[in-house]
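Novice: Dropping the sequence and predicted coords here.
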Amino acid sequence: MKITVVLSSNRKEQSFSAKVLNSIETICTGIATIDPIWLTDHQLEMCDADNLCSSSDCLIDDDFHKLVPRILSADAVIYVPVVHAYGTC
């Protein structure tokens with residue numbers, strides 16, 4: 001089993017997100033392979049909402065196309081959102 005964990009925090013060390021990832025890795029040892037994706041490691045642009053990608057490839061040149069195969073190949077995806085002031089964005 002493969003689990004992809006998408007982490008949106010820009011703090012990889014000593015963050016709540018890192019603790020969550022560590023817990024997931026500990027719990028899943030011997031059960032699943034964990035593929036962490038730290039969004040801060042990738043160049044991602046805002047969607048321009050032109051809807052052209054509904055009929056052709058997206059024109060935004062960023063790293064999203066590199067992440068899609070990793071996410072689609074997972075048996076499960078866990079999203080760990082940024083937490084600010086005890087709430088998510």
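Specialist: Received the coordinates, thanks. Residues are numbered from 1 along each chain as shown.
Novice: and the longest helix seen in the chain, what other elements does it pack with?
Specialist: Longest helix of the chain, by residue count under DSSP state H: helix 16-27. Counting contacts by 3 or more Cβ pairs under 8 Å, 6 or more residues apart in numbering; DSSP states H and E, helix 16-27 packs against strand 2-7, strand 33-38, strand 76-80. Where you see a C-beta, it was placed from the backbone N, CA and C, and this is true even at glycine.
Novice: Count the neighbours of residue 76 for me.
Specialist: When counting by other Cβ atoms under 10 Å, one arrives at 11 neighbours for residue 76.
Novice: which residues does it contact?
Specialist: When contacts are counted by Cβ atoms under 8 Å, 6 or more residues apart in numbering, residue 76 touches 1, 2, 3, 4, 32.
Novice: now with 7 Å?
Specialist: By Cβ atoms under 7 Å, 6 or more residues apart in numbering, the residues touching residue 76 are residue 3.
Novice: Let's have the helices and strands packed on helix 16-27 in CSV, adding distance to residue 67 and mean pLDDT.
Specialist: Formatted as CSV, the helices and strands packed on helix 16-27 follow (distance: least, Cβ to Cβ, whole Å; pLDDT from 0 to 100):
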stretch, distance to residue 67, mean pLDDT
strand 2-7, 8, 97
strand 33-38, 6, 97
strand 76-80, 11, 96
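Novice: and the ones you listed, which is most packed in?
Specialist: strand 2-7 (a mean of 19; mean count of other Cβ atoms under 10 Å).
Novice: Then residue 31 would be within a helix, right?
Specialist: No - counting by DSSP: H, G, I helix; E, B strand; the rest coil, one finds residue 31 to be coil, located in no helix.
Novice: Turn the helices and strands packed on helix 16-27 into JSON lines, columns for distance to residue 60.
Specialist: As requested, the helices and strands packed on helix 16-27 are exported to JSON lines (distance: least, Cβ to Cβ, whole Å):
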{"stretch": "strand 2-7", "distance to residue 60": "18"}
{"stretch": "strand 33-38", "distance to residue 60": "18"}
{"stretch": "strand 76-80", "distance to residue 60": "21"}
